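In: Fold the following for me, if possible:
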Amino acid sequence: MSFKYSKKDKLKSKKLIEQLFTEGKAVTAYPLKLIYIKTDFEDGSQLKTGVSVSKRLHKTAVSRNQIKRLLREAYRLNKQLYFNNSSHSFAFMILYLSKDGTTFDKLNHSMKLLFKKFIAKNELLVENTKSNTSDA
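Out: Numbers count the residues shown, from 1 in each chain. Have a look, this model is predicted:
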């Protein structure tokens, strides 16, 4: 897995996004919220990710776009550190929850906390599947 955030890594499917919000699980590290679902992709990618900033909280497109650029950059730099050895495929939606603006350093720190919480929550899932297969 590289530091790239290419077109095949972007979450674009409306059906999958809808499924994320109806069936997905969530992890929060304020001001970020990660909604995820385990799935398989036809193109062979491991992660597909989208970012979102509320129009209600950030009225101008300039501020929303700036925060989205910072979110994508923080994700791009940290995904290899946390998901390089992952054997599962996930779809992610990262939401920015705060009314206030932010800096890259704050977002980067929050992104690392978010990924640590996600891995801690899903280690149990991975451990359960390993123990179930060894029992059989």
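In: Can you check what pLDDT the model gives the residue sitting nearest the centre point of the chain?
Out: What sits nearest the mean C-alpha location of the chain, by Cα atoms, centre = their mean, is Phe92, with 3.8 Å. If you check Phe92, the pLDDT there is 93.
In: so where does it fall, helix or strand?
Out: Take DSSP states H and E as the rule and Phe92 turns out to sit in strand 90-96.
In: again, but for Asp105
Out: helix 104-135.
In: again, but for Tyr75
Out: Using DSSP H and E, Tyr75 falls within helix 61-83.
In: Please state the mean pLDDT value computed over that helix.
Out: 91.
In: now stretch 6-19
Out: The model assigns stretch 6-19 a mean pLDDT of 89.
In: Check which residues of it are buried.
Out: For stretch 6-19, a neighbour-count test (16 or more other Cβ atoms under 10 Å) marks 9, 11, 16-17 as buried. Yep, even glycine has a C-beta here, placed from its N, CA and C like the rest.
In: Could you tell me the model confidence score at the residue lying closest to Gln66 once chain neighbours are set aside?
Out: Closest residue to Gln66 apart from its sequence neighbours, by Cβ to Cβ, 6 or more residues apart in numbering: Gly101 at 7.8 Å. Gly101 carries a pLDDT score of 86 in this model.
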